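Engineer: Please find the sequence and the predicted model below.
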Amino acid sequence: MKTWIWMMALLMILALPVQGVLAEKTDAAAPYLPTEYTAEYEKAAAALQAHTPGAQVDYAVRERDDGRYEWDLFFTLGGQLGEAEIAESDYAVRRVRQVDMPEGGLTASQAMAVLAQEKGDITIIDLELERDDGSLRYEGEAELDGKRYEFEISVTGKIVEWKRD
(Lines give C-alpha, C1' and ligand atoms only; values in the text may rest on other atoms or scores of the structure.)
Protein backbone atom coordinates (compact mmCIF):
# COMPACT_ATOMS: atom_id res chain seq x y z
CA MET A 1 0.00 0.00 0.00
CA LYS A 2 2.91 2.34 0.73
CA THR A 3 4.10 1.87 -2.85
CA TRP A 4 0.72 3.02 -4.22
CA ILE A 5 0.72 6.08 -1.97
CA TRP A 6 4.25 6.89 -3.10
CA MET A 7 3.31 6.40 -6.76
CA MET A 8 0.23 8.61 -6.40
CA ALA A 9 2.30 11.34 -4.72
CA LEU A 10 4.87 11.17 -7.53
CA LEU A 11 2.13 11.27 -10.16
CA MET A 12 0.60 14.37 -8.58
CA ILE A 13 3.98 16.12 -8.38
CA LEU A 14 4.74 15.36 -12.03
CA ALA A 15 1.27 16.52 -13.02
CA LEU A 16 1.21 19.87 -11.22
CA PRO A 17 1.47 21.89 -14.44
CA VAL A 18 -1.40 20.03 -16.07
CA GLN A 19 -4.91 20.12 -14.68
CA GLY A 20 -7.00 17.07 -15.25
CA VAL A 21 -4.18 14.54 -15.45
CA LEU A 22 -6.82 12.03 -14.58
CA ALA A 23 -9.54 13.45 -16.80
CA GLU A 24 -13.01 12.13 -17.42
CA LYS A 25 -14.34 12.33 -20.98
CA THR A 26 -18.07 12.95 -21.04
CA ASP A 27 -20.49 14.80 -23.26
CA ALA A 28 -20.32 17.76 -20.88
CA ALA A 29 -16.88 19.10 -20.08
CA ALA A 30 -15.51 17.73 -16.81
CA PRO A 31 -12.24 19.55 -16.22
CA TYR A 32 -11.21 17.91 -12.94
CA LEU A 33 -11.28 14.36 -11.67
CA PRO A 34 -13.27 14.15 -8.44
CA THR A 35 -11.45 12.26 -5.69
CA GLU A 36 -14.01 9.45 -5.75
CA TYR A 37 -12.22 8.06 -8.84
CA THR A 38 -9.00 7.40 -6.91
CA ALA A 39 -10.12 3.88 -5.96
CA GLU A 40 -10.98 3.09 -9.59
CA TYR A 41 -7.60 4.37 -10.73
CA GLU A 42 -5.84 2.19 -8.15
CA LYS A 43 -7.74 -0.89 -9.38
CA ALA A 44 -6.83 -0.11 -12.98
CA ALA A 45 -3.17 0.39 -12.03
CA ALA A 46 -3.19 -2.91 -10.09
CA ALA A 47 -4.65 -4.69 -13.15
CA LEU A 48 -1.81 -3.28 -15.25
CA GLN A 49 0.76 -4.42 -12.67
CA ALA A 50 -0.70 -7.94 -12.68
CA HIS A 51 -0.59 -8.03 -16.49
CA THR A 52 2.74 -6.23 -16.98
CA PRO A 53 4.88 -6.56 -13.83
CA GLY A 54 7.25 -3.68 -13.26
CA ALA A 55 5.26 -1.17 -15.31
CA GLN A 56 5.43 2.28 -13.70
CA VAL A 57 2.27 4.29 -14.39
CA ASP A 58 3.22 7.77 -15.49
CA TYR A 59 -0.10 9.24 -16.62
CA ALA A 60 -3.76 8.22 -16.63
CA VAL A 61 -6.89 9.31 -18.44
CA ARG A 62 -10.37 8.05 -17.57
CA GLU A 63 -12.70 8.21 -20.52
CA ARG A 64 -16.13 7.09 -21.56
CA ASP A 65 -16.14 4.89 -24.65
CA ASP A 66 -19.41 3.52 -26.05
CA GLY A 67 -21.14 4.28 -22.75
CA ARG A 68 -18.53 2.44 -20.65
CA TYR A 69 -15.70 3.89 -18.62
CA GLU A 70 -12.17 2.81 -19.32
CA TRP A 71 -8.72 3.85 -18.23
CA ASP A 72 -5.86 4.65 -20.56
CA LEU A 73 -2.71 4.21 -18.51
CA PHE A 74 0.64 5.40 -19.85
CA PHE A 75 3.65 3.72 -18.33
CA THR A 76 7.37 3.15 -18.55
CA LEU A 77 9.13 -0.19 -18.33
CA GLY A 78 12.79 -0.88 -18.99
CA GLY A 79 13.48 1.87 -21.52
CA GLN A 80 10.10 1.54 -23.17
CA LEU A 81 6.96 3.66 -23.24
CA GLY A 82 3.68 1.84 -22.91
CA GLU A 83 -0.04 2.40 -23.13
CA ALA A 84 -2.69 0.14 -21.63
CA GLU A 85 -6.47 0.21 -21.98
CA ILE A 86 -8.34 -1.15 -18.98
CA ALA A 87 -12.12 -1.54 -18.74
CA GLU A 88 -13.51 -0.12 -15.53
CA SER A 89 -16.43 -2.58 -15.51
CA ASP A 90 -14.22 -5.58 -14.70
CA TYR A 91 -10.68 -4.13 -14.71
CA ALA A 92 -9.72 -6.43 -17.55
CA VAL A 93 -6.70 -5.34 -19.54
CA ARG A 94 -8.04 -4.89 -23.07
CA ARG A 95 -4.83 -3.79 -24.77
CA VAL A 96 -1.18 -3.19 -23.90
CA ARG A 97 1.32 -1.74 -26.30
CA GLN A 98 4.99 -0.99 -25.68
CA VAL A 99 7.48 0.85 -27.87
CA ASP A 100 11.14 1.71 -27.44
CA MET A 101 11.61 5.17 -26.00
CA PRO A 102 13.70 7.25 -28.39
CA GLU A 103 16.75 9.02 -27.03
CA GLY A 104 15.62 12.24 -25.41
CA GLY A 105 12.02 11.02 -25.42
CA LEU A 106 9.43 12.30 -22.98
CA THR A 107 6.97 10.33 -20.93
CA ALA A 108 3.29 11.19 -21.26
CA SER A 109 3.32 13.37 -18.13
CA GLN A 110 6.40 15.26 -19.35
CA ALA A 111 4.87 15.80 -22.80
CA MET A 112 1.61 17.05 -21.28
CA ALA A 113 3.57 19.43 -19.06
CA VAL A 114 5.26 20.85 -22.18
CA LEU A 115 1.85 21.26 -23.82
CA ALA A 116 0.46 23.00 -20.73
CA GLN A 117 3.46 25.30 -20.52
CA GLU A 118 2.95 26.33 -24.13
CA LYS A 119 -0.87 26.52 -24.22
CA GLY A 120 -1.84 27.37 -20.66
CA ASP A 121 -4.34 25.94 -18.20
CA ILE A 122 -5.45 22.87 -20.20
CA THR A 123 -7.45 19.79 -19.28
CA ILE A 124 -6.54 16.59 -21.08
CA ILE A 125 -9.68 14.75 -22.22
CA ASP A 126 -8.22 11.98 -24.37
CA LEU A 127 -4.69 10.77 -25.06
CA GLU A 128 -3.08 8.07 -27.16
CA LEU A 129 0.46 7.10 -28.09
CA GLU A 130 0.72 6.78 -31.88
CA ARG A 131 3.34 6.29 -34.56
CA ASP A 132 2.74 8.65 -37.49
CA ASP A 133 5.05 8.81 -40.51
CA GLY A 134 7.70 6.96 -38.53
CA SER A 135 7.70 9.32 -35.55
CA LEU A 136 6.25 8.61 -32.15
CA ARG A 137 3.61 11.10 -30.96
CA TYR A 138 1.04 11.69 -28.29
CA GLU A 139 -2.30 12.54 -29.88
CA GLY A 140 -5.39 13.63 -28.05
CA GLU A 141 -8.00 16.17 -27.12
CA ALA A 142 -7.73 18.96 -24.59
CA GLU A 143 -9.96 21.67 -23.26
CA LEU A 144 -8.87 25.25 -22.85
CA ASP A 145 -11.18 28.10 -21.80
CA GLY A 146 -14.27 25.98 -22.48
CA LYS A 147 -13.17 25.08 -26.01
CA ARG A 148 -11.96 21.69 -27.24
CA TYR A 149 -8.78 21.22 -29.21
CA GLU A 150 -7.11 18.33 -30.97
CA PHE A 151 -3.36 18.08 -30.54
CA GLU A 152 -0.30 16.11 -31.48
CA ILE A 153 3.00 16.44 -29.65
CA SER A 154 6.09 14.46 -30.53
CA VAL A 155 7.79 12.41 -27.82
CA THR A 156 10.61 14.93 -28.09
CA GLY A 157 8.25 17.72 -26.97
CA LYS A 158 7.56 19.47 -30.29
CA ILE A 159 3.92 20.50 -30.70
CA VAL A 160 3.04 19.18 -34.15
CA GLU A 161 -0.65 20.14 -34.20
CA TRP A 162 -3.02 22.26 -32.10
CA LYS A 163 -6.39 22.95 -33.71
CA ARG A 164 -9.89 23.71 -32.49
CA ASP A 165 -12.14 20.66 -32.51
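Structural biologist: Right, received. Where do you want to start?

Engineer: make it CA atoms for all contacts and neighbour counts henceforth
Structural biologist: Will do.

Engineer: Asp121 touches Leu144, doesn't it?
Structural biologist: Yes. Under the criterion of C-alpha atoms under 8 Å, Asp121 lies in contact with Leu144, with a separation of 6.5 Å.

Engineer: Touching, Arg97 and Ala84? I think so.
Structural biologist: Yes. Using C-alpha under 8 Å as the test, Arg97 is close enough to Ala84 to be in contact (6.4 Å).

Engineer: quick one: low-confidence parts of the protein?
Structural biologist: In the predicted model of the chain, residues 1-36 satisfy pLDDT under 70.

Engineer: go with 90
Structural biologist: Of all residues in the chain, those with pLDDT under 90 make up the ranges 1-39, 63-67, 103, 132-135, 165.

Engineer: Strands of the protein, start to end?
Structural biologist: Ranges of strands within the chain are 24-25, 56-65, 68-77, 80-87, 93-100, 123-132, 135-144, 147-154, 159-164, based on DSSP state E.

Engineer: mind listing what's buried in the fifth one?
Structural biologist: Yep, that's strand 93-100 we're talking about. 93, 96, 98-99 (16 or more other C-alpha atoms under 10 Å).

Engineer: do the same with the third one
Structural biologist: By neighbour count with 16+ other C-alpha under 10 Å, strand 68-77 contains the buried residues 69-77.

Engineer: which residues sit against that strand?
Structural biologist: 41, 44-45, 54-64, 81-89, 107-108, 127-128 (C-alpha atoms under 8 Å, 6 or more residues apart in numbering).

Engineer: So in that sheet, which strands flank that strand, and in what orientation?
Structural biologist: The partner list of strand 68-77 in its sheet, established with DSSP bridges, is strand 56-65 (antiparallel), strand 80-87 (antiparallel).

Engineer: wait, which of these is closest to Tyr149?
Structural biologist: Closest of these to Tyr149 is strand 56-65, at 16.1 Å (criterion: C-alpha to C-alpha).

Engineer: what's the angle from the closest one to strand 123-132?
Structural biologist: Using axes from the mean of the first three to the mean of the last three C-alpha atoms, to 10 degrees, the interaxial angle of strand 56-65 with respect to strand 123-132 works out to 100 degrees.
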